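Enquirer: Okay, structure incoming, though there's no sequence with it:
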């Protein structure tokens with residue numbers, strides 16, 4: 001099948017809520033569903049939400065990109081959806097991201113300042129600005145400036161487990177060793 005890429009802008013229909021884990025709760029639900037669905041269809045891309053607006057980039061098999069975009073167009077959390085880029089793609093440019101989320105960062109602020117934009121309004125982006133925003137999203141993973149609650153590979157082992165769980169596992173391991181030694185002594 002042919003690969004394609006698509007970028008769109010939309011406005012959120014919901015009232016922004018206080019952040020949970022650095023992500024607006026409605027956006028967090030969108031990300032969870034996107035990551036689950038996109039992993040199944042091998043779609044990759046990134047999402048930026050700011051000033052109650054979305055910029056999303058998708059790439060993958062044309063059938064799945066179009067199907068996903070149609071679902072987005074039907075999603076009541078989006079309005080004023082505008083396609084910014086829709087074209088064939090020779091090869092993937094994002095690696096293993098079912099859906100990357102880039103939070104407000106100094107990179108986005110610098111992008112807005114560079115283009116003398118007072119707010120984030122991707123529906124008004126030029127083609128060059130869209131490409132720059134896509135590159136900003138792509139680069140963010142290299143700089144570790146993103147929120148991805150699904151990716152635990154970057155966590156150190158000590159951070160991956162809560163202290164109580166870590167000590168519980170350690171105690172269980174000690175008990176297993178004691179039981180093995182006691183069993184060996186009996187025989």
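Expert: Structure's in. What do you need? These figures come from a predicted structure and were not determined experimentally.
Enquirer: ok now do residue 83, which residues does it touch?
Expert: Residue 83 makes contacts with 6, 7, 8, 69, as judged by CB atoms under 8 Å, 6 or more residues apart in numbering. No exception for glycine: its C-beta is placed from N, CA and C like everyone else's.
Enquirer: Could you rerun that using 6 Å?
Expert: Residue 83 makes contact with residue 8, according to CB atoms under 6 Å, 6 or more residues apart in numbering.
Enquirer: got the buried residues for the strand or helix carrying it?
Expert: Taking DSSP states H and E as the definition, residue 83 sits inside strand 78-89. By neighbour count with 16 or more other CB atoms under 10 Å, strand 78-89 contains the buried residues 78, 81, 84, 85.
Enquirer: repeat for stretch 54-69
Expert: In stretch 54-69, counting by 16+ other CB under 10 Å, buried: 54, 55, 56, 57, 58, 59, 60, 64, 65, 68, 69.
Enquirer: Of those residues, which belong to strands?
Expert: Using DSSP state E, the subset of the buried residues of stretch 54-69 located in strands is 54, 55, 56, 57, 58, 59, 60.
Enquirer: wait, the third one sits on residue 48?
Expert: No - the pair residue 56 and residue 48 fails to qualify as a contact (CB atoms under 6 Å) at a distance of 7.6 Å.
Enquirer: which residues does the closest residue in space to residue 59 that isn't next to it in sequence form a beta bridge with?
Expert: Nearest non-adjacent residue to residue 59, counting by CB to CB, 6 or more residues apart in numbering: residue 5, 4.3 Å away. Listed beta-bridge partners, residue 5: residue 59, residue 87 (assigned using DSSP bridges).
Enquirer: Check the burial of residue 5 by counting its neighbours.
Expert: 22 (other CB atoms under 10 Å).
Enquirer: Please apply the same query to residue 109.
Expert: The tally of other residues near residue 109 (other CB under 10 Å) stands at 12.
Enquirer: Then residue 90?
Expert: 8.
Enquirer: How confident was the prediction at it?
Expert: pLDDT, residue 90: 93.
Enquirer: measure it to residue 124 for me?
Expert: Look at residue 90 and residue 124: by CB to CB, to the nearest Å, they are 28 Å apart.
Enquirer: Name the helix or strand of the protein that has the lowest mean pLDDT.
Expert: Ranking every helix and strand in the chain by mean pLDDT, DSSP states H and E puts helix 157-160 at the bottom, with a mean of 38.
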